[in-house]
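A.B. asks: what's the 3D shape of this:
(2 chains)
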Amino acid sequence: MKLLILCEKPDVKRKFEKALGGTTGFFNGNYFQIVASHGHLLTLDEPANQVSASLKPKYADWSNINYLPWNLNDFSWKNVFKTDNDRATFNYIEQASFDKDAIVIATDNDPSGEGDVLGWEIVNALDWKGKVYRIRFADETPKGIIKSLNNWEDATEQFKQPIYLAGLARQRFDYASMQYSRMALYFARQAHHSPATLRLGRLKSVILNKIYLQTKAINEYVKKPFYEVRFKDSNGNIFKRSFDEATDMFRFNSRTGAEKDLINYVQNNVVIIDETKGKSKQPPALLDLGRLSVLLAKKGYTPKQILTTYQRMYEAGIVSYPRTADTKITQGNFDELLPLAPKIADVVGVSKSLLTHKLSRKKFIITKADHGANRPGLNVPNSLTEISAKYGALGQLIYETLAKSYLAMLCEDYEYDQIKAHLNLNPDFKSEINVPKKLGYKAIFDESSLNDDDDEEQNTLFSNSASPFIFEGANPKPKLPTHKFLINYLDKTGIGTAATRLSTISDISEGDRALIQLKKRVYCLTGLGKLQAILSLDCKIADEKTSKKLFDLMNLVKKNQANWKDIPNLINDMVLADKEIMQRNITKLKNVRINMKEVEYITGKFNGQDVAFKREWGGHKFTDTEVQALLAGQSIKIRVKSGEVSGRLARQQYNDTLFWGFKAEEKIYDEKTYITGKFNGQEVHFKREWGGHKFTDSEIQALLAGQVIKFSVKGGEVSGKLDQQQYKGKPFWGFKVEDKKYDEAVYATGMYDGEEVHFKRVWGNHIFTTNEIQTLLAGGSVSFDTAKGNVKGILAKQKYKGKSFWGFKPEIDIDPDNYVTGKFRGKIIKFKRVWGGHRFTDEEIAALLAGKVISFRNINDFQVEYTAHGKLAKQSFKNSEGKTINYYGFKFLTPEAAAEFKLKE
DNA sequence: GCAAGGTC
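C.D. replies: Modelled structure (predicted):
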């Protein structure tokens, strides 16, 4: 038999080749050829293309919600290729399939059935009539792959594959959830908001809902301070009574109440130890992409930066596969990486003597992993510098963090004593502390900062006695929706994989249509996001339980206990119920200020029909008179940037979407800026000027005749001809450069990495010397003095207004987001922008640099608000090697000290 | 224009 082995991606194909000894060969007497897809090659076509011709207008309509919910029986569930590249990949798979007898679906074994859906999509597009086998490898080691091939299942009967059906149902459910975006847009317009589009779904909407409600809870938080007597020993250990709302007699609303109580307690109350228990803790689970991002977000990196850098490192084999659902690894994965541990430890500066636990602990191991948890890859770099050179500071941080989380697995347990004590004269006052005995894995990786509650305090032993003091507390303030907060929350909902969640957060926090944005390390909603969140309040689509229900049903399908066909229709029940709720939510929008870049739509009657169209066209905003004329079916003339356009309102089509809008019928270009002429018999318009050069009459003749012309511009000489080009997807005619000769006096020319580059000889006021030019071309850095101070930089390809050019690039301050650079006492210095969770405002920074004392309200780790005073000062600390490190930073002052400084000011 | 799931 001849087999076609279909992998999900090229990376896995390579693992198969390694296991089977080549792309083609024989296995168990069968000839095989391995091919790889590239994720999903196909996707469900647009709604309007899924239905019969008579239903098309209904499914293409965005202005009407009478059609919702959709009838999913109308759908043909037709797949289309996502891109031309995907079609090409398919063609290569198809070619390979022609002489084969059976296909082996060797796509990933996701518990969601996604790999099965992906595989069958391709098999179905091949119109395959032969045998189909499914293999599910435990890991991507040769052993795992070969074992899976020896245990293949006959899967020829596609609709008897429960896991596939579960995946297929999920896909249709989510696809049908598109209705929500149309519905919400309709209601937004009812509330007189006109966003270009909204994006609702069971993941996106849950994120928005959580941020909305959390922000609301914070805004509505009312601090209720309380005061009570507690004891503290000389090591800072606190003794307190257990608090019970019903029987409480010791908590006061005012300080004076507690002050009166304080008299009842004596100083130096003797500490009695009740119990000392030896305890231990195993290293934490390996990091997933979400938890990794939490650690990196603290340093100011965005999900997008983390995802792209991790991906690049994965492609180089330095880190493991990013988009895994696994939090554990197989014994095979473990054995594979273990021999590399000493080298990894060297790279990240971890002492090898700590790596004594060479047997895998049960908690890390599973029998079957999709790719295994995120961990260092099999390509171990030689040094951190090597990583940072290629992947920047973030790359280095990713590797260090991931490596330490992995190496922690090979360390011994963390051991500590849990000690309980009470006070002799006041036995109600108790304390429980954890005192470290042996750090074990915690010496290299401390997971406590990943937890929502950083309650893993490590204490020092009790001292002999404790004295009373007045403790000021408050009802806890709801947590800020930071990245950590959001990731930990989504973890609990279980929607998607950690990587999917991260990429969705990235997706909705970037670009013009962003729904959320990070401000001072806290997520908040954009105008668009707020609009969506309010419209979806109390709706099922924004309910975290919706995904849970979906997954529960999918699990039943997997066990043959439910019919997969019932799942997609559930979204329709939701749409029906949420339609009413959303309609009611419109009123909630009325009292909310929403800042949004709005696309204004005009609504009115055209030939007796309700229409909505954009008020702007080509930068021109229709006046009310023009709107009346358009609705009356008249032709109007408007001015746009490049000339005068006449046209009228018309039903038009863009891709598969019908819409109403102004349709240009005739355009007269401004003669001053445009030339109108005939090119190959076609009327063309192009700009009279290019790069500051105004074309002469003879040049215009030559251009229209298709000839190459040559003229001088600033910095050199260009040659080129007239050609049709594209700008932002729209075609235009204009001069197109074919060759540029650079003026040697202005530009330096040379080779950089095998590419000819030209760059300006001058940067600021500095003229590069011949030596400096050579250094720059060799990739070296050059530094020189300017009026603003010393500048150091390298040669780099840069972008300006969308055009790329080569030039000197000054070294940007490391992490400008986290550090402030400024002049302090006549010197350029850097200092941290955040102190104790507080991010200094621009005004505060200016005051600090001016040497002034500033004060601000802040919240401490116990969620208690207090006023912090301080100023900028040169400070120092001793690092682990005992070396004194000097630095500038905010120096906290007591209120008394601050007042004294302020007096001097 | 709209999802969530893959891929790089």
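
A.B. asks: rest of the way, CA atoms for contacts and neighbours
C.D. replies: Noted.

A.B. asks: Now A:L118: phi and psi?
C.D. replies: A:L118 adopts backbone torsions of phi -60, psi -40, taken as degrees, to the nearest 10.

A.B. asks: Low-confidence stretches in the stretch 801-905 of chain A?
C.D. replies: Across the stretch 801-905 of chain A, the stretches falling below the confidence threshold (pLDDT under 70) are A:801-804, A:812-817, A:860-866, A:876-885, A:894-897, A:905.

A.B. asks: So which bits of it are right by DNA strand B?
C.D. replies: Remark: no part of the stretch 801-905 of chain A is in contact with DNA strand B, using Cα under 7 Å from any atom of the strand.

A.B. asks: Strands along the stretch 801-905 of chain A, start to end?
C.D. replies: For the stretch 801-905 of chain A, applying DSSP state E, counting those that start in this stretch gives strands covering A:803-810, A:819-824, A:827-832, A:834-835, A:838-839, A:854-859, A:865-878, A:884-893.

A.B. asks: contacting residues around stretch A:766-784?
C.D. replies: Here stretch A:766-784 makes contact (Cα atoms under 8 Å, 6 or more residues apart in numbering) with A:748, A:750-752, A:761-762, A:786, A:790-795.

A.B. asks: Just the buried ones out of these, please.
C.D. replies: A:748, A:750, A:761, A:793-795 (16 or more other Cα atoms under 10 Å).

A.B. asks: Restricted to strands, list the residues you listed.
C.D. replies: Here DSSP state E is the test, and the buried ones among the contacts of stretch A:766-784 give A:748, A:750, A:793-795 as lying in strands.

A.B. asks: The residue of the stretch 251-400 of chain A found nearest DNA strand B - nearest residue in space that isn't next to it in sequence?
C.D. replies: The nearest approach of the stretch 251-400 of chain A to DNA strand B comes at A:R323, 5.0 Å away (Cα to the nearest atom of the strand). What sits nearest to A:R323 in space, not counting adjacent residues and going by Cα to Cα, 6 or more residues apart in numbering, is A:A499, at 5.1 Å.

A.B. asks: A:L397 now?
C.D. replies: Closest to A:L397 by Cα to Cα, 6+ apart is A:L296, at 7.6 Å.

A.B. asks: What's the separation between that neighbour and A:I398?
C.D. replies: As for A:L296, its distance to A:I398 is 8 Å (criterion: Cα to Cα, to the nearest Å).

A.B. asks: quick one: which of the two has more around it?
C.D. replies: Between A:L296 and A:I398, counting by other Cα atoms under 10 Å, A:I398 is the more crowded of the two (22 against 19).

A.B. asks: element containing the more buried one, please.
C.D. replies: Using DSSP states H and E, A:I398 sits within helix A:384-408.

A.B. asks: if you go through the stretch 51-200 of chain A in chain order, where are the strands?
C.D. replies: Secondary structure of the stretch 51-200 of chain A (DSSP E, counting those that start in this stretch): strands at A:79-81, A:102-106, A:131-134, A:153-154.

A.B. asks: need the contact list for the residue nearest to A:H38 when sequence neighbours are not counted.
C.D. replies: Counting by Cα to Cα, 6+ apart, A:K9 is the residue found nearest to A:H38 once chain neighbours are left out, at 4.8 Å. Contact analysis of A:K9 by Cα under 8 Å, 6+ apart lists A:36-39, A:107.

A.B. asks: Buried only: go through those for me.
C.D. replies: Among the contacts of A:K9, the ones that count as buried (16+ other Cα under 10 Å) are A:36-37, A:39, A:107.

A.B. asks: Which of these fall within strands?
C.D. replies: A:A36.

A.B. asks: and DNA strand B, which of the buried ones among the contacts of A:K9 reach it?
C.D. replies: Restricting the buried ones among the contacts of A:K9 to those near DNA strand B - Cα under 7 Å from any atom of the strand - leaves A:G39.

A.B. asks: and the stretch 301-450 of chain A, which of its residues are near DNA strand B?
C.D. replies: Those residues of the stretch 301-450 of chain A that sit near DNA strand B, judged by Cα under 7 Å from any atom of the strand, are A:311, A:323, A:325.
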